[in-house]
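Peer 1: Please work out how this folds:
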Amino acid sequence: MSKNSKAEIRKLRKSGRFAYVGSVDEKGFPQIKCMFAIKDEDVQVHYFSTNTSSRRVKQFRENPKASVYYCNKMFVKGALFTGTMEIMEDNKTKALFWNKNDKKYYPLGVTDPDYCILKFTAESVRYFHGGLNTTFSVDEL
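Peer 2: Okay, the predicted model is just below:
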């Protein structure tokens, strides 16, 4: 993998305000949802906030396998991360990611039981650009 490709993947991840998050439903079918990418720890760990009562959380409780896709439509570039999703419901974690604008979604604030954080940990990445696909482990980034 070239240094340029690695830099492009990091750029897609850092500049992506939104990500397409994939889960698996109870019948084994893939489900995709566009979500706010709230913060990244590094290129391997990604965070999202959502409702604890959501269908997505239910699916991740039953099957933690997940994917996260970031893209630049203008330049036809994309990075598909594959890994697992963890549901974080403790107040300490929720407070780390709390945004004052979240109050409109979670009226009880950071301790709202319907507010949780999804922590995605990637195992591999598939990068697409210029008609080429390259798959590698996140350790290579």
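Peer 1: mind listing the strands for this structure?
Peer 2: 18-24, 30-36, 39-40, 45-51, 65-72, 77-88, 115-129, 132-137 (DSSP state E).
Peer 1: Pick out the shakiest of the ones you listed, pLDDT-wise.
Peer 2: Mean pLDDT per stretch puts strand 39-40 lowest among those, at a mean of 70.
Peer 1: quick one, which of the strands of the chain is nearest to residue 95?
Peer 2: Evaluated with C-beta to C-beta, the strands of the chain place strand 115-129 nearest to residue 95, the distance being 9.9 Å. For the C-beta atoms, the positions are set from N, CA and C on the backbone; glycine is no exception.
Peer 1: could you dump that closest one to PDB, C-alpha only?
Peer 2: Below are the C-alpha coordinates for strand 115-129, written out as PDB (Å, rounded to 0.1, in the frame of the first residue of the first chain):
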ATOM      1  CA  TYR A 115     -28.600   8.000  24.800                       C
ATOM      2  CA  CYS A 116     -25.700   5.700  24.100                       C
ATOM      3  CA  ILE A 117     -22.400   5.600  22.200                       C
ATOM      4  CA  LEU A 118     -21.500   3.100  19.600                       C
ATOM      5  CA  LYS A 119     -17.800   2.200  19.600                       C
ATOM      6  CA  PHE A 120     -16.600   0.600  16.300                       C
ATOM      7  CA  THR A 121     -13.200  -1.200  16.200                       C
ATOM      8  CA  ALA A 122     -12.000  -1.900  12.700                       C
ATOM      9  CA  GLU A 123     -10.100  -5.000  11.700                       C
ATOM     10  CA  SER A 124      -9.600  -4.400   8.000                       C
ATOM     11  CA  VAL A 125     -10.100  -1.600   5.500                       C
ATOM     12  CA  ARG A 126     -11.000  -1.800   1.800                       C
ATOM     13  CA  TYR A 127     -10.000   1.300  -0.100                       C
ATOM     14  CA  PHE A 128     -11.400   2.200  -3.500                       C
ATOM     15  CA  HIS A 129     -10.000   4.900  -5.900                       C
END
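Peer 1: That concludes my questions; thank you for your assistance.
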